[in-house]
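In: I'd like to go over a predicted model; first the sequence, then the structure.
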Amino acid sequence: MNLCRFKAAQGQSRVGLVTPDDQVVDLTSAGVDELSRFLERDDAVARLSQLAGKTAARFAASELKLLPPAERHEVWAVGVTYLRRKKARMEESDFGATAYDRVYEAERPELFFKSLSAKVVGPGDTVGIRRDARWSVPEPELALVINSRGRIVGYTIGNDMSAR
């Protein structure tokens, strides 16, 4: 099931369920006022099935302003996960090739803090570019949504914009 956050005509953030016919069922009126809190539930999928059958306001997805899924969370990233990426990092870095050799061969991936949720933008929004960046690189990524217990509860597409 596809969940989203969107801005209603009155300007407030709402939580919605995207249907196969590109409609968005407003779940906020059914008590789902925060996406992150809902994703903490053990019965989230079963609860969504119940809510989807109830009569609630529906909107055409194309008419809504979609918001990023991050509400008040830190955004972390994983780096150097592919051999090709390791080679590219080694070529572009003055830090030394052996650092990326160690990261690539490590028991766990390189984890690093990327952003606060306030800096995350939604689909089609303008991204910020650092003034001192000589090269800004958009990097489409698979983004995992992980709850406070470390369970993967969803996924989305992210654009890990890097300034070099």
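Out: Received the coordinates, thanks. Residues are numbered from 1 along each chain as shown.

In: In three-state terms, how would the spatially closest residue to residue 161 that is not a sequence neighbour be classified?
Out: Leaving aside its chain neighbours, residue 161 sits nearest to residue 127 (5.2 Å; criterion: CB to CB, 6 or more residues apart in numbering). In this view, the C-beta of every residue, glycine as well, is placed from N, C-alpha and C. Residue 127 carries the three-state label coil when classified by DSSP: H, G, I helix; E, B strand; the rest coil.

In: Can you give me the separation between residue 127 and residue 144?
Out: Per CB to CB, to the nearest Å, residue 127 is found 20 Å from residue 144.

In: This structure: strands as residue ranges?
Out: Using DSSP state E, the strands found in the chain span residues 2-7, 13-18, 23-26, 58-60, 65-67, 74-79, 110-116, 136-137, 140-146, 152-159, 162-163.

In: Please identify the most buried of the ones you listed.
Out: Looking across the strands of the chain with neighbours counted as mean count of other CB atoms under 10 Å, the highest average goes to strand 13-18: a mean of 21.

In: Give me the residues contacting that strand.
Out: Here strand 13-18 makes contact (CB atoms under 8 Å, 6 or more residues apart in numbering) with 1-8, 24-28, 32-35, 38, 48, 51-52, 59, 61, 64, 67.
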